[in-house]
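A.B. asks: Build me a structure from this.
(chains A, B, C and D)
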Number of protein chains: 2
Amino acid sequence: MTTAKRKRMPRAERMRQMVEVAEQVFSERGYAAASMDEIAELVGVSKPMLYEYFNSKEGLLLACIRESRSVLREVTEQATVGAATAEDALRRGLLAFFVFIRDRREAWSLLRHEMALIGTPAADEVEETRRQQTDLIAALMSGYFDSGDDLRAEAAAEFVVGACERLAIWCERHDEVSPGMATEYAMDVLWSGLQRRAR
Amino acid sequence: MTTAKRKRMPRAERMRQMVEVAEQVFSERGYAAASMDEIAELVGVSKPMLYEYFNSKEGLLLACIRESRSVLREVTEQATVGAATAEDALRRGLLAFFVFIRDRREAWSLLRHEMALIGTPAADEVEETRRQQTDLIAALMSGYFDSGDDLRAEAAAEFVVGACERLAIWCERHDEVSPGMATEYAMDVLWSGLQRRAR
DNA sequence: CGTCCATCTTACTCAGAGTAGGTTACTACC
DNA sequence: GGTAGTAACCTACTCTGAGTAAGATGGACG
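C.D. replies: Numbers count the residues shown, from 1 in each chain, chains lettered A, B, ... in the order given. Here you go, the predicted model:
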């Protein structure tokens, strides 16, 4: 519907349009249930075009995932630049993440759901997204924390990523929880630990 | 290969055999790449039999997931029964979990990977597994912690489940990390928080 | 106004999920 | 032992959707 006159479009533009539509359809129907014919029709083009540009259904999915990932990276990296303390950096990063998952539901849906392609390139691609976030956090921590034990630091970063991913999914079921609240809940456990709350 | 004489087997036994084989194949090839024909052949039976017993490919997957989940529940619940303190209960539960994911790789692989069926019963089924573990942890915490804020407690439980799930996946890449070490890493962040380690 | 090439299409193949309808071996009871 | 009943099982299909071969078409530039 952003279209001009529905015909003969330069490669780059058509490609962006396809990714846009595919992201929508994949996140609505899910990867398995989405059909290439449907996507092609919505784009206003015939199926072989999709294969011309992306080679396979999975290739198209990959393009969508990469797109979403680069946005996520951009957003979270930017968020932490002005932070003064470790606590502040962590909090800003978390907030940016929770805002992202609220505002870009389709993108987030891809990143969280489409991991069933074990053994295929797409699985690696989703893992790659997590690694991106893990590295970012590991970098943050290595700047602010005593290291000594690299393995432990890596584990802690993985831990944070997993925890936030799950908390984000939980937020989908709880509209009353704002990104700010989610951030606060996360910081509470992460920063202070559970010990403080024990009877 | 556990077989007797490859013929006419009572319903319940055949069913267990099918689930066993399917769990293997699904976790090796992944849900999408696994074919019903292959599973049928490995079981030593024709395809319509699988449909007779499980209705659909997804039904078969569901049976596998349910089986794995009940084992996970059994293991983690049992682990926490003799605990004296909150810290101890948490530690025992975590250890049981990390042992499970090491010893039952196929089962764990199903539980972690086969969530791409968004909008289908199988997705709910995997979510249900997480809810099971979340409830267990929430129950643990409500026993030991000051409540007051239910939403916050729920968030904390989700947080723990997600963190451990991710840490478990990380362990797959690090054979040198034993269940005991994983538990210790998890407890370290969870219990004491990151604050303690900040410079 | 023709020629070249990138964009696009029609019309297929093929694998794998799911099914209709018939067949065989075990059980029970005479 | 025979035979009726049924649970376990099979052969041989249909149908949907991923992926492809081969050709048609619009437009830029001489």
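A.B. asks: what does stretch A:181-197 rub up against?
C.D. replies: A:87, A:90-91, A:94-95, A:98, A:160, A:163-164, A:167-168, A:171, A:177, B:86-87, B:90, B:141, B:145-146, B:152, B:155-156, B:159-160, B:189-196 (Cβ atoms under 8 Å, 6 or more residues apart in numbering or on different chains). All C-beta atoms are positioned from the backbone trio N, CA, C, and that covers glycine.
A.B. asks: quick one: buried residues of that stretch?
C.D. replies: By 16 or more other Cβ atoms under 10 Å in any protein chain shown, the buried positions in stretch A:181-197 come out as A:181-191, A:193-194, A:197.
A.B. asks: Could you pull up the mean pLDDT of that stretch?
C.D. replies: Mean per-residue pLDDT for stretch A:181-197: 84.
A.B. asks: Could you do stretch A:131-138 as well?
C.D. replies: Mean pLDDT, stretch A:131-138: 82.
A.B. asks: just checking, what packs against the helix or strand containing A:D88?
C.D. replies: Per DSSP states H and E, A:D88 falls inside helix A:86-103. Applying 3 or more Cβ pairs under 8 Å, 6 or more residues apart in numbering or on different chains; DSSP states H and E, one finds that helix A:86-103 contacts helix A:57-80, helix A:105-113, helix A:121-144, helix A:150-173, helix A:179-187.
A.B. asks: so which of those gets nearest B:V25?
C.D. replies: Among the helices and strands packed on helix A:86-103, helix A:121-144 comes nearest to B:V25, with 17.1 Å by Cβ to Cβ.
A.B. asks: which residues are in contact with that closest one?
C.D. replies: Residues outside helix A:121-144 that contact it (Cβ under 8 Å, 6+ apart): A:58, A:61-62, A:65-66, A:68-69, A:72-73, A:76-77, A:80, A:85-86, A:89-90, A:93, A:111, A:114-117, A:153-154, A:156-158, A:160-161, A:165, B:113, B:166, B:194, B:198-199.
A.B. asks: on that earlier part again, kindly reformat the helices and strands packed on helix A:86-103 as TSV containing distance to DNA strand C.
C.D. replies: As requested, the helices and strands packed on helix A:86-103 are exported to TSV (distance: least, Cβ to the nearest atom of the strand, whole Å):
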stretch	distance to DNA strand C
helix A:57-80	13
helix A:105-113	19
helix A:121-144	18
helix A:150-173	26
helix A:179-187	37
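A.B. asks: Comparing the ones you listed by mean pLDDT, which bottoms out?
C.D. replies: helix A:121-144 (a mean of 74).
A.B. asks: Is that one in proximity to DNA strand D?
C.D. replies: No. Helix A:121-144 does not reach DNA strand D (Cβ under 7 Å from any atom of the strand); its nearest approach is 11.5 Å.
A.B. asks: So A:E67 sits against A:V19, correct?
C.D. replies: Yes. The pair A:E67 and A:V19 passes the contact test of Cβ atoms under 8 Å, sitting 5.8 Å apart.
A.B. asks: Filter the contacts of stretch A:181-197 down to the buried ones, ChimeraX style.
C.D. replies: Those of the contacts of stretch A:181-197 that count as buried under 16+ other Cβ under 10 Å are selected in ChimeraX with:
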select /A:87,90,91,94,95,98,160,163,164,167,168,171,177 /B:86,87,90,141,145,152,155,156,159,160,189,190,191,193,194
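A.B. asks: In a helix, A:A84, correct?
C.D. replies: No. Under the criterion used here (DSSP: H, G, I helix; E, B strand; the rest coil), A:A84 is coil, not part of a helix.
A.B. asks: From A:L90, how far off is it?
C.D. replies: Using Cβ to Cβ, to the nearest Å, A:A84 is found at 12 Å from A:L90.
A.B. asks: and what of A:L111?
C.D. replies: Noted for A:L111: a distance of 21 Å to A:L90, by Cβ to Cβ.
A.B. asks: Same check on A:R173?
C.D. replies: Counting by Cβ to Cβ, the separation of A:R173 from A:L90 is 24 Å.
A.B. asks: Tell me which helix or strand comes right after the host helix or strand of A:I39.
C.D. replies: Using DSSP H and E, the element containing A:I39 is helix A:36-43. Following helix A:36-43 in sequence order, the next helix or strand is helix A:47-54 (DSSP H and E).
A.B. asks: That next one packs against which elements?
C.D. replies: For helix A:47-54, the packing partners by 3+ Cβ pairs under 8 Å, 6+ apart come out as helix A:11-29, helix A:36-43, helix A:57-80.
A.B. asks: Quick one: closest of the ones you listed to chain B.
C.D. replies: Proximity to chain B (Cβ to the nearest Cβ) singles out helix A:11-29 among the helices and strands packed on helix A:47-54, at 6.9 Å.
A.B. asks: does the closest one come close to DNA strand D?
C.D. replies: No. For helix A:11-29, no contact with DNA strand D is found by Cβ under 7 Å from any atom of the strand; the gap never falls below 9.8 Å.
A.B. asks: Show me which positions of that helix end up buried.
C.D. replies: Under the neighbour-count criterion of 16+ other Cβ under 10 Å, helix A:11-29 has A:14, A:17-23, A:25-27 buried.
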